[in-house]
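**Q** return atomic coordinates for the entry below.
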Amino acid sequence: MNEINTLADGKQFDFWEQDVTFTKELYVDCSSPEASDMNEGSKDKPFKTIGAAAKAAVPGTHVLIAPGVYREFVSPERGGDGPDNMICYEAVEKGSVIIKASEVVTDFEESTDWRRWGQGGPSGSEGLDAKIWCHRLDPDMFRGYNPFCAVNILHDRLFIEYDKTDMTPYLNRRGCIFCDGKPLKQVPLYNFMSHEDGTYWVEANGMAVHFRLPNDEDPADHKIEITVREQCFAPIKPYLSFIKVKGITCSHAAMGAPVPQRGAISAYRGHHWVIEDCTIDWANAVGIDVGNECWHHNLDFEKLTGYSVIRRCHIKDAGVCGIAGLFAQKMLVEDNVIEGTGWQKMELSWEAAGLKFHNSVDGLIRRNIFKRTYRADHLWLDCGNVNNRITQNLFLDGIEQREAVFIECTREGVNLIDNNIFWNVEGRYDKKAVPNEPGSSGWYKLEEDGIINGYAVYGEGTDRLNIVNNLIGKCGAYAYFAKPVSFRLVPGDRGGTSRDAKLLNNIIYDCGVGAVCFPTKDNTAEGNAYVKQLRGGDLRIMYPAPEVCLDLKSWREFYGFDITGCEGWFDIEVDTEKLTLSLKPLNTIPPSFGPPDSNRKFIYDPALLDEVEKDVRITLDIVGEERPGGRTIPGPFKELEFSKVYSIDPRNI
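**A** Sure, this is the predicted structure:
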């Protein structure tokens with residue numbers, strides 16, 4: 001049995017892909033002088049658009065697409081009829097085929113007759129000399145969907161907590177303007193452009209845009225693109241399946257905030273898709289969707305949803321969610337880079353994450369790199385998740401991020417998070433609301449104020465979560481935090497207790513408030529190494545009140561936790577750009593009050609970390625190296641030493 005292919009229950013993931021012998025080839029080349037959509041799609045007489053090939057493709061068809069920019073919406077007419085008889089849409093050269101949901105515009109006039117000051121903008125003469133331009137939109141360009149007429153706000157808005165969020169991004173228009181491939185910033189009033197360049201504003205009827213380029217430059221000297229289509233590649237008919245999309249870039253899709261989940265590439269409720277080697281660039285909301293799209297659809301349990309593969313894709317700057325899937329079962333998500341997600345700041349619509357699945361069952365999420373996710377989770381599994389494995393991933397630089405991984409309301413079965421690196425989870429909270437506690441005034445409170453957050457893993461109403469052999473460092477609050485959700489009920493269901501979590505053999509480094517915060521004692525911690533944890537009482541149990549704040553000695557004595565755990569005193573450095581890790585000795589001693597406790601043992605050299613009992617499911621480390629024997633050291637590497645610089649890029653396996 002191959003350990004890297006196993007799930008939380010130790011059984012093999014259900015791989016379904018097969019070699020396909022294509023029986024038909026169609027060619028698309030937008031640059032060929034011979035191209036026409038009236039052709040039959042031969043190599044000598046190719047189609048001009050991918051959409052024409054999508055109408056002609058039947059099971060067993062390989063659509064080969066020549067380099068070029070294709071400004072169209074591609075809607076497949078049909079899917080394949082099995083894993084050995086798929087329809088494949090493939091770029092002849094990876095990354096050379098770009099489907100854009102935008103159009104180039106060149107007709108500009110100077111913007112006049114609009115006030116440039118007052119009502120939130122600058123006062124007096126400030127900004128009067130700003131170079132603001134106007135482009136009047138051509139109705140024929142939109143073909144039934146004008147994103148400059150529609151606001152971002154999701155169709156199902158019942159979950160928005162209006163009192164907690166700035167509604168401005170929700171009420172912005174979906175349409176975007178790009179200057180040389182970079183987006184301008186939308187502002188709510190015309191006069192805001194007077195004191196900020198690189199901005200744009202949309203007239204009330206959505207038929208004219210006004211914009212100011214960086215440094216007040218002339219748009220005639222730049223490529224100006226405006227978004228005109230909702231998606232790039234998506235069926236109109238649901239349930240089309242056995243489709244492969246390979247090596248294609250999809251840019252500038254102008255969908256609204258989820259739900260519904262409508263990605264730049266969309267499986268639209270189908271199953272057995274393969275999306276690999278693709279790039280998603282600047283989707284207004286969702287990069288890829290692979291699930292049931294919306295919980296308001298009737299659920300036909302005889303139809304499959306999910307069973308798809310997302311592999312080696314680069315999802316950049318999705319506004320709300322990089323990958324979304326509702327009821328997406330048996331998903332394989334591997335070797336992707338998902339970065340810059342969340343710039344729309346719509347996290348309180350509750351669909352914001354680098355990857356978000358609902359009701360994920362038997363999923364394998366491995367060797368992905370999540371970077372610079374903004375005000376959103378790197379990964380979120382929401383409700384009813386069973387037997388998923390999250391392994392060999394990097395979760396890096398969560399900017400204003402409450403938690404890196406969120407497992408929500410998951411009450412049955414086991415989910416496994418192993419061999420990952422979590423690094424720099426800033427936290428998302430109002431720093432001004434943190435009480436000032438000078439001197440000893442904060443010493444006698446009975447419980448934490450609950451304001452500060454920033455967690456590597458957050459379990460909310462989730463039972464039986466296994467967190468094994470990870471490196472977790474630089475969290476604003478805790479490496480692991482959980483709380484029960486007693487009253488989130490549906491008929492025949494129970495509330496989540498956040499019990500029976502197992503934290504085994506992790507390295508937890510320099511987290512801000514503490515290392516672990518269990519809701520109750522009905523959980524397990526064993527074999528963990530707590531390194532450079534400077535704040536006292538790093539190990540905590542919240543209930544029954546008042547919560548207790550413990551050191552490792554009392555953690556063992558009163559609760560029997562981490563009998564084989566240890567404390568370390570050395571530095572860990574992660575370069576989140578080069579994807580390397582190094583360790584350095586500290587020239588100080590651990591802080592203590594009075595003489596060092598003779599019962600407190602620190603490990604100063606990572607090469608001397610105590611070996612702990614190996615989880616039988618975890619035989620390899622983060623880069624695929626074998627962990628020999630029945631024991632291992634804590635963390636995601638089979639060995640650690642000062643003299644080495646470790647590559648942490650899991651895609652090198």
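
**Q** how about stretch 12-24: buried residues?
**A** Along stretch 12-24, these residues count as buried under the neighbour rule (16 or more other CB atoms under 10 Å): 13, 16, 20, 22. Just so you know, the C-beta spots here come from the backbone N, C-alpha and C atoms, and that holds for glycine as well.

**Q** just the CA coordinates of that stretch, formatted as CSV?
**A** Extracted C-alpha coordinates of stretch 12-24, given in CSV (Å, rounded to 0.1, in the frame of the first residue of the first chain):
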residue,chain,number,x,y,z
GLN,A,12,-6.3,4.1,-0.5
PHE,A,13,-7.8,7.1,-2.3
ASP,A,14,-10.1,6.1,-5.1
PHE,A,15,-8.1,7.0,-8.2
TRP,A,16,-10.1,6.8,-11.4
GLU,A,17,-8.0,8.3,-14.2
GLN,A,18,-7.1,6.1,-17.2
ASP,A,19,-5.1,6.6,-20.4
VAL,A,20,-7.3,7.9,-23.1
THR,A,21,-6.9,6.9,-26.8
PHE,A,22,-8.5,9.8,-28.6
THR,A,23,-10.5,8.9,-31.7
LYS,A,24,-10.9,12.5,-33.0
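
**Q** next one: it to chain centre, how far?
**A** For stretch 12-24, the separation from the chain centroid amounts to 27 Å (computed by CA atoms, centre = their mean, to the nearest Å).

**Q** thinking again about what came up before, can I get the buried residues of stretch 12-24 in JSON lines with secondary structure, distance to S36 and pLDDT?
**A** Formatted as JSON lines, the buried residues of stretch 12-24 follow (DSSP: H, G, I helix; E, B strand; the rest coil; distance: CB to CB, whole Å; pLDDT from 0 to 100):
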{"residue": "F13", "secondary structure": "coil", "distance to S36": "44", "pLDDT": "95"}
{"residue": "W16", "secondary structure": "coil", "distance to S36": "37", "pLDDT": "96"}
{"residue": "V20", "secondary structure": "coil", "distance to S36": "28", "pLDDT": "92"}
{"residue": "F22", "secondary structure": "coil", "distance to S36": "23", "pLDDT": "96"}
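
**Q** same list (those) but as CSV, adding distance to H271.
**A** Formatted as CSV, the buried residues of stretch 12-24 follow (distance: CB to CB, whole Å):
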residue, distance to H271
F13, 16
W16, 10
V20, 17
F22, 21
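
**Q** closest to S592 out of the residues you listed?
**A** F13 (47.5 Å; CB to CB).

**Q** how about the closest residue to the closest one other than its chain neighbours, what does it touch?
**A** In space, and not counting its chain neighbours, F13 is closest to L364: 4.6 Å by CB to CB, 6 or more residues apart in numbering. L364 is in contact with 5, 7, 13, 331-334, 388-389, 391, counting by CB atoms under 8 Å, 6 or more residues apart in numbering.

**Q** do the same with L64
**A** Residues counted as contacts of L64 (CB under 8 Å, 6+ apart) are 25-28, 90, 92.

**Q** quick check: ChimeraX command selecting the buried ones in those residues.
**A** A single ChimeraX command is used to select the members of these judged buried by 16+ other CB under 10 Å:
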select :26,27,28,90
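
**Q** tell me which two in the contacts of L64 are the farthest apart.
**A** Among these, L26 and V92 lie farthest apart (CB to CB), at 12.3 Å.

**Q** residue boundaries of the helices in the chain?
**A** Ranges of helices in the chain, per DSSP state H, are 50-56, 168-171, 552-559.
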